[in-house]
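K.L.:
Give me a 3D structure for the following:
(one chain, ligands or ions: 1)
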Amino acid sequence: MAKRGEIKLLGTAASPYVNRVQFVLNLKSIEYEFIEENLACKSELLLTSNPVYKKIPVLFHANKPPICESLVIIEYLDEFQPDVHRILPSVPVDRADNRFWANYVDNKYFPLYEELRQTPGKEDKEAIKKQIIEGSVLLEEAFEKFSNGKAYFGGDDLGYLDVVLGCFIAWIEFSSKRNEFNAFDEVKTPKLAKWAERIRSHESLKGAIPGNETLMNFYLMLQIHKPPRAT
Ligand SMILES: N[C@@H](CCC(=O)N[C@@H](CS)C(=O)NCC(=O)O)C(=O)O
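P.N.:
Predicted coordinates:
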């Protein structure tokens, strides 16, 4: 059990990877101190605690070495506090399958949204939207398999993949609106569309899902620091 004041999270509220860690801290009822990072002018704390990637989130647990990378952090929290809301399944092959899809989400699926933001030209954007929808259909199939007729990837309550994909909900909806398409579609991915609503209204996650103003400010910051490619 974490002691009061023992856990600190370096991040910013608009970062889905930071939200991912907040989801797990909330689900496990772990109190933590939030240290706000300014990515436009990175802090010494970030540069020294994550010298390899210089990215948020970074988790500090008492005086242990800092822990970086959101998936590594949430697995650490799951091992460190296994008795409250376990997110990874207990069977090794199920854990492997969960990690496979988490890798798909982080390395293939969500990067498409950044690609969409950075890509100029209507036609090229349309091609990326198509790839996103194809990816959502794959995730719908994965959802059917994992949820087995229940509400979440984890079954009756949130599991690892709910956290891994759920942290992107706000950005997926933001991007869908800006680009006039439906990443989670009532027809092609009806189960994911319903699941997304459940994630949004889950009591433990509410405070950790960024609102539109937070998203817009971060988006504008990205447009300046990582502008779309020239045509
Ligand atoms: N793979 C990393 C990704 C984290 C990430 O991309 N964080 C962004 C904020 S959303 C960041 O710190 N970007 C700073 C930069 O790219 O220099 C994780 O899962 O923690």
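
K.L.:
how about the residues of this structure near the ligand?
P.N.:
Contact residues (CB under 6 Å from any ligand atom) of the chain with the ligand: 15, 17, 39, 54, 55, 56, 57, 69, 70, 71. (C-beta placed from N, C-alpha, C; glycine too.)

K.L.:
Just give the closest residue to the second one, not the sequence neighbours.
P.N.:
By the measure of CB to CB, 6 or more residues apart in numbering, the closest residue to residue 17 outside its immediate chain neighbours is residue 70, 4.1 Å from it.

K.L.:
So the one you found sits against residue 21, correct?
P.N.:
Yes. Using CB atoms under 8 Å, residue 70 is in contact with residue 21, at 5.7 Å.

K.L.:
Now the common contact residues for those two.
P.N.:
residue 57 (CB atoms under 8 Å, 6 or more residues apart in numbering).

K.L.:
Wait, a strand at residue 10?
P.N.:
Yes. Read with DSSP: H, G, I helix; E, B strand; the rest coil, residue 10 is one of the residues of a strand.

K.L.:
Quick check: beta-bridge partners of it?
P.N.:
Here residue 10 sits in beta bridges with residue 35, residue 58, going by DSSP bridges.

K.L.:
So for the chain, the centremost residue is which one?
P.N.:
residue 167 (3.2 Å; CA atoms, centre = their mean).

K.L.:
Settle this for me: that one is touching residue 16, isn't it.
P.N.:
Yes. The criterion here is CB under 8 Å, and residue 167 meets it with residue 16 at 4.4 Å.

K.L.:
May I see the domains of the chain written out as residue ranges?
P.N.:
As given by automatic domain parsing, the domain ranges for the chain are 7-80, 92-211.

K.L.:
for the shortest one, how far is the first residue from the last?
P.N.:
This stretch, domain 7-80, spans 12 Å end to end (CA to CA, to the nearest Å).

K.L.:
picking that back up, could you export the residues of the chain next to the ligand as TSV, including secondary structure and pLDDT?
P.N.:
What follows is the residues of the chain next to the ligand, written out as TSV (DSSP: H, G, I helix; E, B strand; the rest coil; pLDDT from 0 to 100):
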residue	secondary structure	pLDDT
15	coil	98
17	helix	98
39	coil	94
54	coil	98
55	coil	98
56	coil	98
57	coil	98
69	coil	98
70	helix	98
71	helix	98
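
K.L.:
Give me the residues contacting stretch 19-32.
P.N.:
By CB under 8 Å, 6+ apart, stretch 19-32 touches 2, 4-5, 7-9, 11, 13, 57, 59, 70, 73-74, 77-78, 81, 84-85, 87, 158, 163-164, 166-167, 170, 204-205, 207-210.

K.L.:
Narrow the residues you listed to those in helices?
P.N.:
Taking DSSP state H as the definition of helices, the contacts of stretch 19-32 contribute 70, 73, 74, 77, 78, 163, 164, 166, 170.

K.L.:
Name all residues that make contact with the last one.
P.N.:
Right, residue 170. Here residue 170 is in contact with 16, 19, 209, 210, 211, 215 (criterion: CB under 8 Å, 6+ apart).

K.L.:
Could I get the pLDDT score of the residue nearest to the centre of the chain?
P.N.:
Looking at residue 167, its pLDDT is 98.

K.L.:
before we move on, the earlier item: from the contacts of residue 170, which would you call buried?
P.N.:
16, 19, 209, 210, 215 (16 or more other CB atoms under 10 Å).
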